[in-house]
Every structure is written in structure tokens, then in C-alpha cells.
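Participant: got a predicted structure here, sequence first:
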Amino acid sequence: MVYTAVSILLPFAFASVTIAIPESSRFSVIPNTFPDISACAAQPSVFSCENTTVIQNTCCSPTPGGLVLQTQFWSTWTGLEKKGQKLPKGSWTIHGLWPDNCDGSFEQYCDLSRQFDPTPSPAILPDGTVVPPHTGPGVDTFIKNFGREDLLDFMNKYWINQGAPNVDFWGHEFSKHATCTSTFDVACYGPSYRKHQDVVNFFDAVIRAFHQYPTFDMLASFGIIPSNKTSYTLDKFQSAIKTQIGAIPFFGCSHNGTVLSEVWYFSHVFGTEQFGTYKTLDSTTTSSCSTTLPIWYYERTATSEREVRN
Ligand SMILES: *[C@@H]1O[C@H](CO)[C@@H](O)[C@H](O)[C@H]1NC(C)=O
Ligand SMILES: *[C@@H]1O[C@H](CO)[C@@H](O)[C@H](O)[C@H]1NC(C)=O
Ligand SMILES: *[C@@H]1O[C@H](CO)[C@@H](O)[C@H](O)[C@H]1NC(C)=O
């Protein structure tokens, strides 16, 4: 627990004493984490990747990473079930929120001063830059320091890692992707920037984007439920989602295109990635699921799941 020193003047003793107040109770008012985008009114508002003039203030629209991907996983186990790391019943899990360039290429680990990934992947960037592993406190401590137990709780329910603790995955996603998303640049938070504000703000933005795409419910509404007995076709997954969002996301499959494991929703965003409107577009990446073979959308192992909707 972090303590802060507060001086209190005792009128009767004409002396001051220092008492310790726990960090958590310092925030009877939780600090805001939003950026300062007041300057954005002075420039044209556009959907990212659709600007016809140069975007001068990159805090106002994600650039060059204006093709935004909200990515999700479907997996049947975590490997850390015994430690309570389980999958949320009735929901896919969060992978992240990625900035692709408008042409589909992408950047990664753009700011090594904000490197919180304990196991960088890739460990060496295409230009030869080494990404040093993060050895300090996990990003969960940043969230706690901002008094955001609510956010941490949600992340532990829906943003689940496989084979390693959730916190490692969150640090990976921030450092690999958010540091390449211009609307989370430290400079966008203005002179009152508080360390790790951008990290907490990014996690909130990921969750907001995730809420736009309730994959499990959208599929289940079309009778597509996880099953170890009945398989589906790629076309069926695609048409079910298309009726709800007007676009075809990327479906990813393992096992030679026969086991559904991922979905990526592509969009252009009007305004910032934090608050702007997402316009979902067809995937620019061809599905890795077979167009001819049956596709399995497996039921999860019972002991790998838990109810979190209460
Ligand atoms: C859109 O803005 C980016 C960033 O300023 C710029 O590189 C690009 O040329 C702009 N696109 C057009 C068509 O002006
Ligand atoms: C993919 O198919 C090849 C050829 O049939 C097979 O050898 C391989 O084991 C399959 N891989 C998986 C992960 O199922
Ligand atoms: C369904 O099959 C998958 C893949 O083999 C397995 O991981 C899972 O435990 C199975 N689920 C149930 C409920 O049997």
C-alpha cells in the first residue's frame, strides 16, 4: 500500500503532525484519466483513414494507425484455472485494440519508455531494435494507484490470458499496440498528465470498444452456440455477424482452418479512439478458417469457465 504524507495543523497545540493516509482512500474522488482534446475543435473531424487533408493534431484522430481492430478470442481453457484464472461464461474474451495503418501494415512497440510487457513478442523489431522485457510492477498496480478497482475487476473477468497471468497480457497489449496509437500519446494528456494515466485510459477504451461487439450473443441469437457435436460453416458465422454490424469481421481458425479461435472487428473511428464513433468495415485480412471444411466452435471445458454476469 502506498501512503501519502498530509500535514494537519493542530490549533490547540500550535504544532503540526504528519499522518499517513492509505493511497486508496486519498481518492474519495477518483482521478480522471481522459485526454485533453480541447484543441480538436479547430480541425476538421473525420473518420480515421478517410482524411482528405493532413491531420495536424494526432491527439484528435488515430494516425497513422487509423484502421482500428477490436480483437477477441474464443478458447476452451486458460492453463491457470487452479489459480482462478477462468473464462467468462457467455462471452468471448478480449484480445486487444490494435492500430493498423490504413494500408493494412502496422507498427508495434512504438515507445520503449512505456514498455510494460514482461515477455515482448517480437523481442526484436524488424529494424533490429531490441524490446527489453519489463521487470517492474505489473500494470495492475497502475490501475490500483488510480483507484480503479472496478476496471481491474472487469479486466480479470473478460481479458483473459492463456498460460500466463492476465496482467502480463494487458501489459503486452498496451506496450505493443497502444504506444502506436496516437490518441494515447503522453502529450495528449496535457500539462497535468499523471504517470500511467494513458495506460488506464487505454484499458477503459478497449473495454468500451469490446462492448460494441458482443460476439457470443450475436452468434447465439442465430442459433450458433458452442458445441462439440455440431459444426458450422464459415459462411454461417459471417452472415450472422454481418446482419448486426453491417460488415464481415476476420474469423481466425486453428487446426488447418477447422477450429474457431479468434475474431477481429475492423473499423475507422470518428474522433479519438477513446470516445469516437466506430464505423465497422469488412476485414482487410482473409479468414484463416476453411471455406469448405466444417468449423468447430467448441464448448469450453466446464472447469475452465465461471459465471461473471452477476
Ligand atoms: C491524412 O493524415 C495523415 C497524417 O497527417 C497524412 O499523412 C495523410 O497524408 C493524410 N491523408 C490525406 C489524403 O491527406
Ligand atoms: C494440418 O493438416 C496436415 C495435413 O493433413 C496435418 O499433417 C497436420 O497435422 C494438420 N495440423 C493440425 C494442427 O491439425
Ligand atoms: C470440447 O472439445 C474441446 C476441444 O477438444 C475441449 O477442449 C473441451 O473440453 C470440450 N468441451 C466439453 C464440454 O467437453
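Facilitator: Now that the structure is in, tell me what you want to look at. Ligands and ions are numbered 1, 2, ... in the order given.
Participant: how far does the host helix or strand of residue 241 sit from the chain's center?
Facilitator: Here residue 241 sits within helix 234-245, counting by DSSP states H and E. In terms of C-alpha atoms, centre = their mean, to the nearest Å, the centre of helix 234-245 is found 23 Å from the chain centre.
Participant: tell me the pLDDT at residue 44?
Facilitator: With respect to pLDDT, residue 44 scores 88.
Participant: how about it: what's its closest non-neighbour residue?
Facilitator: Distances taken as C-beta to C-beta, 6 or more residues apart in numbering place residue 53 nearest to residue 44, at 6.8 Å, with adjacent residues excluded. Bear in mind the C-beta positions are built from the backbone N, C-alpha and C, glycine included.
Participant: count the residues that sit near the one you found.
Facilitator: For residue 53, the neighbour count with other C-beta atoms under 10 Å is 8.
Participant: next, the buried residues of stretch 205-221.
Facilitator: 205, 206, 207, 209, 210, 213, 214, 215, 216, 218, 219 (16 or more other C-beta atoms under 10 Å).
Participant: please apply the same query to stretch 48-56.
Facilitator: For stretch 48-56, using 16+ other C-beta under 10 Å, the buried residues are 48, 49, 51, 55.
Participant: can you tell me what sits against that stretch?
Facilitator: Identification of contacts with stretch 48-56 by C-beta atoms under 8 Å, 6 or more residues apart in numbering yields 43-44, 46, 61-63, 66-68, 102, 268-270.
Participant: now list the buried members of those.
Facilitator: Using 16+ other C-beta under 10 Å, the buried ones in those are 46, 61, 62, 63, 66, 67, 68, 102, 268, 269, 270.
Participant: run through the residues of the chain sitting next to ligand 1.
Facilitator: The interface of the chain toward ligand 1, taken as C-beta under 6 Å from any ligand atom, is made up of 51, 52, 53, 54, 55, 63.
Participant: ends of stretch 105-124, how far apart?
Facilitator: End-to-end distance for stretch 105-124: 17 Å, by C-alpha to C-alpha, to the nearest Å.
Participant: any idea of the mean pLDDT for it?
Facilitator: pLDDT averaged over stretch 105-124 gives 98.
Participant: now it: buried residues?
Facilitator: 106, 107, 108, 109, 110, 114, 115, 116, 117, 118, 120.
Participant: look up how far residue 35 lies from the third one.
Facilitator: Taking C-beta to C-beta, to the nearest Å as the measure, residue 108 falls 22 Å from residue 35.
Participant: now the last one
Facilitator: Applying C-beta to C-beta, the value for residue 120 to residue 35 is 26 Å.
Participant: with the second one instead?
Facilitator: Taking C-beta to C-beta as the criterion, residue 107 is separated from residue 35 by 20 Å.
Participant: close to ligand 3: what parts of the stretch 1-150 of the chain are there?
Facilitator: residue 76.
Participant: strands along the stretch 1-150 of the chain, start to end?
Facilitator: Along the stretch 1-150 of the chain, the segments classed as strands by DSSP state E, counting those that start in this stretch run 3-10, 15-22, 67-73, 87-88, 93-100.
Participant: what does the third one contact?
Facilitator: For strand 67-73, the external contacting residues (C-beta under 8 Å, 6+ apart) are 48-49, 62, 92-102, 104, 160, 162, 206, 209-210, 212-213, 215, 261-269, 273, 278, 284.
Participant: how about it as CSV, C-alpha atoms only?
Facilitator: The C-alpha coordinates for strand 67-73 follow below in CSV (Å, rounded to 0.1, in the frame of the first residue of the first chain):
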residue,chain,number,x,y,z
LEU,A,67,-7.6,1.2,-39.1
VAL,A,68,-8.7,0.1,-35.7
LEU,A,69,-9.1,-3.6,-34.8
GLN,A,70,-11.0,-4.8,-31.8
THR,A,71,-9.8,-8.3,-31.4
GLN,A,72,-11.3,-11.2,-29.4
PHE,A,73,-10.5,-14.8,-28.5
